[in-house]
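Chemist: give me a model of this one.
(one chain, ligands or ions: 1)
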Amino acid sequence: MLGLAQAESIKISCGSVGQELELCKQAAEQWARKTGHTVQVVATPNDASERLALFQQVLSAGSDKIDVFQVDVVWPGLLAAHLLDLRPFMHGVEKQHFPSFIANNTVGAREGKPGRLVAMPWFANAGLLFYRKDLLDKHGLKVPLTWDELTAGARKVMQAERAAGNERLWGYVWQGRAYEGLSCNALEWLVSHGAGTVVDADGRVSVRNAQAALALKTAAGWVGTISPTAVLNYAEEEARGVFQAGNAVFMRNWPYAWAPAQGPESTIRGKVGVAVLPRGSGAGGRPAATLGGESLAVSKYSRHPALATDLVLYMTSAAVQKERALTGSFNPTLPALYRDAEIARVNPFMAELADTFTNAVARPTAISGPRYNQVSNQFWNAAHEVLSGRSAPDDALTRLEATLQRLSRGGKWN
Ligand code: GLC
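Modeler: Numbering: from 1, shown residues only. Predicted structure coming up:
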C-alpha cells in the first residue's frame with residue numbers, strides 16, 4: 001500500500017488546555033507512522049469562543065487550511081453545513097459510543113432518515129469541584145454540599161491560612177471570563193438553584209426568575225472575597241494555574257485538571273479530591289454539572305477527505321481514548337472503557353462520579369440550533385455584568401429575557 005499511494009499531509013487542529021496539544025500530537029503522529037502520511041497539528045486558542053470564531057472564519061472562507069477540527073459539543077448545529085457526514089466511513093463503530101453523544105453530533109435526523117453524523121465523539125466533560133483534601137482536613141471541614149457551605153468553608157480556610165503566612169491562598173477559582181466557559185459555570189449556578197436552563201427544552205425563555213437572580217448574586221459575592229477579582233478574566237487554564245500552584249482551596253474545572261494535579265512534579269499531588277459541584281440552598285436546589293465534551297470533524301473543503309476521516313477514526317478509537325484517559329484524564333466517550341480497571345485506578349473520579357456524568361445538564365443547543373452561540377453570548381454577558389458589579393441581577397436578567405425573546409421570536413425559535 002505504502003509504496004503505491006502518495007504521502008499526503010493532513011492538518012488537524014486540537015485544543016490546548018492541559019495536555020491536550022501534546023496528546024493530540026502524539027496520537028496523530030502514531031497514525032502518520034502507521035499510514036506513511038504526515039500530520040501537521042495546528043494550535044488554536046485556549047478559549048473555546050475564540051476557537052469557534054477562528055473555525056467559523058476558516059470554514060466560511062471554504063479554506064482547506066484545516067482538514068480535521070476539534071469541535072465542542074455545542075457546535076455541531078453551528079458548523080454542520082461545513083462538515084462531512086462521517087457515518088459512511090465509520091463502518092458502524094459510532095454505535096460503540098454513548099448514543100446521546102452521537103445524537104448530539106447528528107444533524108437533520110427525521111423519521112426514517114438517520115441524518116448526518118458531522119463529528120465523532122472524542123472525550124466527554126462535566127463540570128466538577130476539585131478541592132484540597134489536606135486543607136479541608138486541617139481545618140476540620142467536610143466537602144461542601146451547598147454553595148453556602150463552600151463560601152463559608154473557603155472563607156474560613158483562607159483567613160486562617162493567610163493569617164499563618166500563606167498569603168496567596170484563595171478560596172475558590174472558576175471561569176469568569178466573558179466566554180463560553182462562563183455560560184457553563186453560570187448554567188451550573190442556575191440549575192443548582194432550581195432556576196432552569198435559560199431556555200427550556202420547549203423553547204420558553206425561562207431565565208428571568210428569582211432563583212436565577214439569587215444564583216448570580218451568590219456568585220457575584222465571591223468576586224474579590226473568596227475569589228480573586230482576576231477571576232473575571234479566567235478561563236480553564238488560569239483557574240488551573242492558581243489551583244495547581246497550591247493557591248486555591250476549591251476549583252471548578254473539567255476532568256482534564258486531574259492528571260496534571262497528580263503528576264510527579266505537582267506540588268498538590270495526593271492532596272486533591274474531586275466531587276460533584278454544590279447545590280443552592282432552598283427548595284429545588286440540586287447539584288448540577290454542565291455537559292461538555294469534544295469531537296473530531298472533517299471539513300467539507302478538505303482535499304483529502306478519506307485520509308482525514310481515517311485519522312478521525314484512529315484518534316477516536318478505544319486505544320487512543322484509553323491512552324488519553326490514562327495520561328490526560330480525558331473521559332472516554334466509549335462506555336466499554338468505563339469498565340477498564342486501569343483507567344478506573346488512575347482516575348477514580350470517573351467511576352465515583354458516574355452519576356454526575358450521566359446526569360450532566362446540556363446547554364440549550366437542541367432548541368436554539370444555529371442560534372446557540374448568540375444565546376450563550378447574551379447569557380455570558382449578562383452573567384459577567386452581574387459578576388463585575390455593573391448590573392444588579394434583576395436588571396441583567398430582565399434585559400437578557402427581552403433579548404432572548406427577540407432572538408427566539410417569542411420562544412418559538414422558528
Ligand atoms: C470545554 C468543554 C466545552 C465547553 C468549554 C467551555 O472545552 O468541552 O464543551 O464549551 O470547555 O470553555
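Chemist: tell me the contacts of Gly181?
Modeler: Residues near Gly181 by CB atoms under 8 Å, 6 or more residues apart in numbering: Asp47, Ala48, Gln175, Ala235, Glu236. C-beta here means a position set from N, CA and C on the backbone, and glycine is covered the same way.
Chemist: please identify the helix or strand for the nearest residue to the third one once chain neighbours are set aside.
Modeler: Excluding its sequence neighbours, the residue lying closest to Gln175 (CB to CB, 6 or more residues apart in numbering) is Gly181, at 3.7 Å. Gly181 is part of helix 180-192, with elements assigned from DSSP states H and E.
Chemist: put the alpha carbons of that helix into CSV.
Modeler: This file holds the C-alpha atoms of helix 180-192, laid out as CSV (Å, rounded to 0.1, in the frame of the first residue of the first chain):
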residue,chain,number,x,y,z
GLU,A,180,-18.5,30.1,26.6
GLY,A,181,-16.8,28.8,29.8
LEU,A,182,-18.8,31.3,31.9
SER,A,183,-22.0,30.1,30.3
CYS,A,184,-21.1,26.7,31.6
ASN,A,185,-20.4,27.9,35.1
ALA,A,186,-23.5,30.1,35.2
LEU,A,187,-25.7,27.3,33.9
GLU,A,188,-24.5,25.2,36.9
TRP,A,189,-25.3,28.1,39.3
LEU,A,190,-28.8,28.4,37.8
VAL,A,191,-29.6,24.7,37.6
SER,A,192,-28.2,24.0,41.1
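Chemist: show me where the stretch 101-250 of the chain has its strands.
Modeler: With DSSP state E, counting those that start in this stretch as the criterion, the stretch 101-250 of the chain has strands at 106-107, 116-117, 120-126, 128-132, 170-173, 248-253.
Chemist: for the spatially closest residue to Val191 that is not a sequence neighbour, give me the pLDDT.
Modeler: Nearest residue to Val191, sequence neighbours excluded (CB to CB, 6+ apart): Ala288, at 3.7 Å. In this prediction, Ala288 carries a pLDDT score of 97.
Chemist: just say helix, strand or coil for Ala288.
Modeler: coil (DSSP: H, G, I helix; E, B strand; the rest coil).
Chemist: and for the one 4 residues further on?
Modeler: On the three-state scheme (three-state DSSP), Gly292 is labelled strand.
Chemist: so what's it up against?
Modeler: Contact analysis of Gly292 by CB under 8 Å, 6+ apart lists Asp72, Val73, Ala124, Asn125, Ala126, Gly127, Cys184, Trp254, Ala360.
Chemist: what separates it from the ligand, distance-wise?
Modeler: Distance, Gly292 to the ligand, using CB to the nearest ligand atom, to the nearest Å: 3 Å.
Chemist: that residue bridge partners, please.
Modeler: Beta-bridge pairing of Gly292 under DSSP bridges involves Asn125.
Chemist: buried residues in the one helix or strand Trp380 maps to?
Modeler: Trp380 is part of helix 372-387 when elements are defined by DSSP H and E. Residues of helix 372-387 classed as buried: 372-373, 375-387 (neighbour count, 16 or more other CB atoms under 10 Å).
Chemist: same question, stretch 233-243
Modeler: Residues of stretch 233-243 classed as buried by neighbour count (16+ other CB under 10 Å): Tyr234, Ala235, Glu236, Glu237, Glu238, Ala239, Arg240, Val242, Phe243.
Chemist: picking that back up, by how many degrees do the helix holding Trp380 and helix 180-192 diverge?
Modeler: 80 degrees (axes from the mean of the first three to the mean of the last three CA atoms, to 10 degrees).
Chemist: which other helices and strands does helix 372-387 contact?
Modeler: Using 3 or more CB pairs under 8 Å, 6 or more residues apart in numbering; DSSP states H and E, the elements in contact with helix 372-387 are helix 76-79, helix 180-192, helix 210-220, helix 365-368, helix 393-407.
Chemist: what pLDDT does the closest residue to the ligand within the stretch 51-200 of the chain get?
Modeler: Per CB to the nearest ligand atom, Gly181 is where the stretch 51-200 of the chain lies closest to the ligand, at 3.1 Å. For Gly181, the model assigns a pLDDT of 98.
Chemist: next one: Ala5
Modeler: 68.
Chemist: list the buried residues for the helix or strand containing Arg324?
Modeler: Assignment of secondary structure by DSSP H and E places Arg324 within helix 318-328. By neighbour count on 16+ other CB under 10 Å, the buried set for helix 318-328 is Val320, Gln321, Lys322, Glu323, Arg324, Ala325, Leu326, Gly328.
Chemist: could I get those residues as a markdown table with pLDDT and distance to the ligand?
Modeler: Below are the buried residues of helix 318-328 laid out as a markdown table (pLDDT from 0 to 100; distance: CB to the nearest ligand atom, whole Å):
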| residue | pLDDT | distance to the ligand |
| --- | --- | --- |
| Val320 | 98 | 17 |
| Gln321 | 98 | 15 |
| Lys322 | 98 | 19 |
| Glu323 | 98 | 19 |
| Arg324 | 98 | 13 |
| Ala325 | 98 | 15 |
| Leu326 | 98 | 19 |
| Gly328 | 97 | 13 |
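Chemist: between the residues you listed, which is closest to Gly77?
Modeler: Set against Gly77, the nearest of those by CB to CB is Gln321 (24.3 Å).
Chemist: list the buried ones in stretch 114-133?
Modeler: 116-132.
Chemist: keep only those that also lie close to the ligand.
Modeler: Contacts with the ligand are made by Asn125 out of the buried residues of stretch 114-133, judged by CB under 6 Å from any ligand atom.
Chemist: enumerate the residues of this protein near the ligand.
Modeler: Neighbours of the ligand within the chain, by CB under 6 Å from any ligand atom: 48, 72-74, 125, 180-181, 184, 236, 254, 292-294.
Chemist: give me that answer again for 5 Å
Modeler: Residues of the chain lying close to the ligand (CB under 5 Å from any ligand atom) are Ala48, Asp72, Val73, Asn125, Glu180, Gly181, Gly292.
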